[in-house]
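Engineer: Structure of the sequence below:
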Amino acid sequence: MAPQFRHNDSPNAAAAATRRAQIVTNHLVLHNEAPPSSQQYPTTLSPNVCLSYSPPELTETISFDTKEMRRLLDVHHIAEREWLIDLIEGQMAIHFFLWGSYIKFLGTKRHEKWLKATESYEVIGCLAMSELGHGSNAQGAETVATYDSSTGEFVVNTPCESAQKHMIGLSANYATHAMIFAQLYTNGRNHGVHGFLVQIRDGNGKTCPNVRIADCGLKSGLNAIDNGQIWFDNVRIPRENLLNGVADVLPDGRYVTKIEDPRERFGTQLAPLTIGRVIISTSSILKTKVSLAIAIRYALSRRAFSVTPNGPEVLLLDYPSHQRRLLPLLAKTYAMTFAGNWLKVIFTKREPQSYKTVHVFSVAFKTIFSWHSMRTLQECREACGAQGMKAVNRLGLMVAESDAQLTYEGDNNILLLQVAKILLSEFLAAKKHNRPLQVFGLEHMNEPTPGIPPQLSSSILRSSQFQIAALRLRERDLLHRFASEVSQHQFWGETKDQAINLAYHLYKELSKAFTDRMILQLTIEAEEGISAGPIKDVLALLRSLYALICIEEDDTFMRYGHLSAKNAATVREEVTKLCSELRPHALALVSSFGIPDSFLAPIAFDWVEANSWSSVSGGH
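Structural biologist: The predicted structure follows:
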């Protein structure tokens, strides 16, 4: 009886099945005979030439003096910076710049002994401001320091769990003393938050009586810093341990102060935080430079894909898409370096009349610089592919360990609210008293409103006059809109603070516009101070790319009608052109950062050798 075929069964299907069975058999059975001549296979392979590492210095052109550019970026004390980098990134930063700064700025002559002990490491100090229940809102601290006039001591207590000092750097294992913020009570009256020096460990590292300390545990990054939790139970400290630069308590319990306004008094006591924000601003840009140096050096030696049949593979940084990923971030980093240098100058030369300026810009720059740093670190990590994930190449670790800078010394979103409030206050005061604005670079608002030409060209877009006018226009418009919306909410019965909160969508845009404009202004000033030549030419490209990226990335230009769709497209095209023109200078620009090789990563150099068998196995 003939076989019955069903469904897809057919003589052809049966033959195919037989062939598949024979193939399986050939895999399973060893045959000594050679296959038919029509199926002869080559006995040896003809390998292509293996990829090898070629240092970018061999092929890239350096068109300007990188040492001169380094001097322009770092300005001063270049030889000492490597030591300072280690200091800032380590735990001594907390000991000197937080603990030490508070004693220096809020203390008086009677506290000089503490400064000497700090310099000699007789004491190791931490700043215990944040509590479990109150972080950014330091004024709401629940820790209590009550004065006992019978003994001349303050009694420090943690009245509830939310009052525990929380995530305090250097406290879990090392600090012997803490500068704490606590509500000061005398004779039953609360005088608000003040600073006190409290010993938490003895010289042998043993926790002091009535003090409890616990480690906060593993974090997503920065685990080299020991963050702790601290509780106080009737801990007694001498009256002299009150930092009395702003206010004091006399032996009989009377409270005296130089500043009667409680808000102003509290603001003055927070002033030392400014140094922390200056440090975060500048150190976050340093981390950004490290990540860009790693990623760009890798992109100048790593090849991928061919654009022509059988053609050579292309360097990553020769792809326009890769240029678009990294070079705008490089331009922003240069611009923020110039702004950061200016911030350091006004901080070191600050006087009472400039405190508000220093505060505003340290807050604004800390916020925008740290956000830029995190974005750049992540982009560089991704741009290096799997190599970017390896711990030895640092990028992934830097992402994890830099994340905290977005919230310490103030959550970035809260800090932007501070900036917007101050800008609004200055704007309304000038309007009320019919006087011109004369602070924070807002003088441009006293002039006629700038405009954007209906048709943009490359020459216009690369003009510093157009660029600063465009950013001023955005800032001016957002400040007017913010003031108008806050006023409207107040008209409807809201308090001023609630009205500002309801206009949250505008306060972030305003604060960012204010900061972007100031960064560009300072970049232009830095460029103007350079003589004509290759460095000035490259700085002009960087400045233009920074300005146009600010315009391209902010949809308020189109949302509020400052930029047409056609002009927005023209801006985007110009950004691409600028990236292409900066491409030949990429190696020189990251070399000008002066980052020591030891701060970079294997991927920035001979990544083939770093991943070779002899390197990863020790030759075994």
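
Engineer: low pLDDT regions in the stretch 301-450 of the chain?
Structural biologist: Confidence mapping of the stretch 301-450 of the chain against pLDDT under 70 gives zero matching residues.

Engineer: again but with the chain, I slipped
Structural biologist: The model of the chain has pLDDT under 70 over residues 1-49, 81-91, 93-94, 96-97, 618-620.

Engineer: what residue lies at the spatial centre of it?
Structural biologist: Against the mean C-alpha coordinate of the chain, by Cα atoms, centre = their mean, the closest residue is Ser370 at 1.7 Å.

Engineer: From what I see, it and Asp411 are in contact.
Structural biologist: No. Here Ser370 does not reach Asp411: they are 10.8 Å apart, not a contact under Cβ atoms under 8 Å. The way it works is simple: take the backbone N, C-alpha and C, and place the C-beta from them, glycine included.

Engineer: and Ala163, how many neighbours?
Structural biologist: By other Cβ atoms under 10 Å, the residues close to Ala163 number 21.

Engineer: ok, and the closest non-adjacent residue to it?
Structural biologist: Leaving aside its sequence neighbours, Ala163 sits nearest to Glu142 (Cβ to Cβ, 6 or more residues apart in numbering; 3.6 Å).

Engineer: do Gln488 as well
Structural biologist: Ala499 (7.9 Å).

Engineer: Could you do Ala391 as well?
Structural biologist: Counting by Cβ to Cβ, 6+ apart, the residue nearest Ala391 is Leu397, at 5.8 Å.

Engineer: Could you tell me how many residues sit around that neighbour?
Structural biologist: Using other Cβ under 10 Å: Leu397 sits among 16 other residues.

Engineer: Pull up the gap between it and Tyr121, please.
Structural biologist: From Leu397 across to Tyr121, the span is 28 Å (Cβ to Cβ, to the nearest Å).

Engineer: Next: Leu250.
Structural biologist: 33 Å.

Engineer: can you pull out the helices in the stretch 451-600 of the chain?
Structural biologist: Along the stretch 451-600 of the chain, the segments classed as helices by DSSP state H, counting those that start in this stretch run 458-461, 464-491, 496-502, 504-528, 534-553, 556-559, 565-582, 586-591.

Engineer: Could you do the stretch 201-350 of the chain as well?
Structural biologist: Going by DSSP H, counting those that start in this stretch, the stretch 201-350 of the chain shows helices at 262-269, 273-299, 320-348.

Engineer: Of those helices, which is nearest Cys50?
Structural biologist: Shortest distance between Cys50 and those, using Cβ to Cβ, is found for helix 273-299: 18.4 Å.

Engineer: which helices and strands does that closest one pack with?
Structural biologist: When contacts are defined as 3 or more Cβ pairs under 8 Å, 6 or more residues apart in numbering; DSSP states H and E, helix 273-299 sits against helix 81-89, helix 320-348, helix 355-383, helix 395-402, helix 586-591.

Engineer: List just the one of those that sits closest to Thr282.
Structural biologist: Thr282 lies closest, by Cβ to Cβ, to one member of these: helix 320-348, at 4.9 Å.

Engineer: How far off centre is that closest one?
Structural biologist: 11 Å (Cα atoms, centre = their mean, to the nearest Å).

Engineer: So what does Glu131 look like in phi/psi?
Structural biologist: Phi and psi for Glu131, reported as degrees, to the nearest 10, are phi -120, psi 170.

Engineer: And the one 4 residues further on, by the same measure?
Structural biologist: Recorded main-chain torsions at Gly135 are phi -110, psi -80, according to degrees, to the nearest 10.

Engineer: Burial check on it, number of neighbours?
Structural biologist: Counted with other Cβ under 10 Å, the neighbours of Gly135 add up to 17.

Engineer: The residue found closest to it once you drop the neighbours it is linked to in the chain and Ala295: what is the separation?
Structural biologist: Once flanking residues are discounted, Gly135 sits nearest to Asp411: 7.3 Å by Cβ to Cβ, 6+ apart. For Asp411, the distance to Ala295 equals 28 Å [Cβ to Cβ].

Engineer: now swap in Phe181 and tell me
Structural biologist: Distance from Phe181 to Ala295, by Cβ to Cβ: 40 Å.

Engineer: Compare the two (neighbour count), which wins?
Structural biologist: Between Phe181 and Ala295, counted using other Cβ under 10 Å, the more crowded position is Ala295 (33 against 25).

Engineer: Hmm, Arg394 and the more buried one touching each other?
Structural biologist: No. Under the criterion of Cβ under 8 Å, Ala295 makes no contact with Arg394, lying 10.8 Å away.

Engineer: As CSV, could you dump the C-alpha coordinates of stretch 562-582?
Structural biologist: Extracted in CSV, the C-alpha atoms of stretch 562-582 (Å, rounded to 0.1, in the frame of the first residue of the first chain):
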residue,chain,number,x,y,z
HIS,A,562,10.6,83.7,20.3
LEU,A,563,11.7,81.2,17.8
SER,A,564,9.8,80.0,14.7
ALA,A,565,9.9,76.3,13.6
LYS,A,566,12.1,77.3,10.6
ASN,A,567,14.6,79.2,12.8
ALA,A,568,14.6,76.3,15.3
ALA,A,569,15.6,74.0,12.4
THR,A,570,18.3,76.4,11.4
VAL,A,571,19.7,76.4,15.0
ARG,A,572,19.8,72.6,14.9
GLU,A,573,21.7,72.5,11.6
GLU,A,574,24.2,75.0,13.0
VAL,A,575,24.8,72.9,16.1
THR,A,576,25.7,70.0,13.8
LYS,A,577,28.1,72.2,11.8
LEU,A,578,29.8,73.4,14.9
CYS,A,579,30.2,69.8,16.2
SER,A,580,31.9,69.0,12.9
GLU,A,581,34.2,72.0,13.1
LEU,A,582,35.2,71.2,16.7
